[in-house]
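Q: let's see this in three dimensions:
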Amino acid sequence: MQEGTVRRTSGNLHQEDAQLRARKKRIKDLQEENEFLKKASAFFAKKLK
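A: The predicted structure is shown next:
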């Protein structure tokens, strides 16, 4: 199955598909937070020097 495709049974998402979507969203959110924290730590490290 390709990414972005949805399996349907009687018009309802499989529970696994909903879980996968939630996990992918969580990964994206964590990656964004990680990028922010990297920038913030670089900023503060610069100020200490």
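Q: now do the strands in this protein.
A: 8-9, 12-13 (DSSP state E).
Q: weakest of the ones you listed by average pLDDT?
A: Note on these: lowest mean pLDDT is at strand 8-9, with a mean of 60.
Q: low-confidence stretches in this protein?
A: 1-12 (pLDDT under 70).
Q: tell me the centre residue of it?
A: residue 28 (1.8 Å; CA atoms, centre = their mean).
Q: for residue 35, see how far away it is.
A: 11 Å (CB to CB, to the nearest Å). C-beta coordinates here come from the backbone N, C-alpha and C atoms, glycine included.
Q: just residue 44 next, same as before
A: In terms of CB to CB, residue 44 sits 15 Å off from residue 35.
Q: with residue 23 instead?
A: Using CB to CB, residue 23 is found at 19 Å from residue 35.
Q: repeat for residue 13
A: 30 Å.
Q: between these two, which one's more packed in?
A: Between residue 13 and residue 35, residue 13 has the larger neighbour count (other CB atoms under 10 Å), namely 14 against 10.
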